[in-house]
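Chemist: Just to be clear, the model below is a prediction. Sequence and coordinates:
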Amino acid sequence: MNEEQLTEIIEQTWKMVDIWIGEGKDPLAISAALTSSAMKLYKTILSAEDYDRMMDAISDNRGAINRLGESRGIH
């Protein structure tokens, strides 16, 4: 997957998030569903060792995540 494809997926995901919020869905429920889905995909696709490393990397970088509206990269 290249950066353009990843950007497209991210943009489509945000469009769905915007729709759900517009429909009155709870942003915390949306976040929980997206996070749970991502973790299940990681667990399915990655080896046990790689899954643990991914979860560690997510935890280790939690301070690098910006709020919406703040400058951010595609990841």
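Modeler: Structure's in. What do you need?
Chemist: any weak-confidence spans in this protein?
Modeler: Along the chain, the model assigns pLDDT under 70 to residues 71-75.
Chemist: What segments of it are helices?
Modeler: For the chain, applying DSSP state H gives helices covering 3-22, 27-45, 48-60.
Chemist: Need the contact partners of the last one.
Modeler: Residues from elsewhere that reach helix 48-60, judged by Cβ atoms under 8 Å, 6 or more residues apart in numbering: M39, Y42, K43, L46. (Glycine included, C-beta is placed from N, CA and C.)
Chemist: change it to 6 Å
Modeler: Contacts with helix 48-60, where a contact means Cβ atoms under 6 Å, 6 or more residues apart in numbering, come from Y42, K43.
Chemist: Kindly export that helix (C-alpha atoms) in PDB.
Modeler: Extracted in PDB, the C-alpha atoms of helix 48-60 (Å, rounded to 0.1, in the frame of the first residue of the first chain):
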ATOM      1  CA  ALA A  48       1.400 -12.700  18.100                       C
ATOM      2  CA  GLU A  49       4.800 -11.000  18.500                       C
ATOM      3  CA  ASP A  50       4.100  -8.300  15.900                       C
ATOM      4  CA  TYR A  51       0.700  -7.700  17.500                       C
ATOM      5  CA  ASP A  52       2.300  -7.100  20.900                       C
ATOM      6  CA  ARG A  53       4.900  -4.800  19.300                       C
ATOM      7  CA  MET A  54       2.100  -2.900  17.600                       C
ATOM      8  CA  MET A  55       0.100  -2.500  20.900                       C
ATOM      9  CA  ASP A  56       3.300  -1.400  22.600                       C
ATOM     10  CA  ALA A  57       4.100   1.100  19.900                       C
ATOM     11  CA  ILE A  58       0.500   2.600  20.100                       C
ATOM     12  CA  SER A  59       0.900   2.900  23.900                       C
ATOM     13  CA  ASP A  60       4.400   4.300  23.700                       C
END
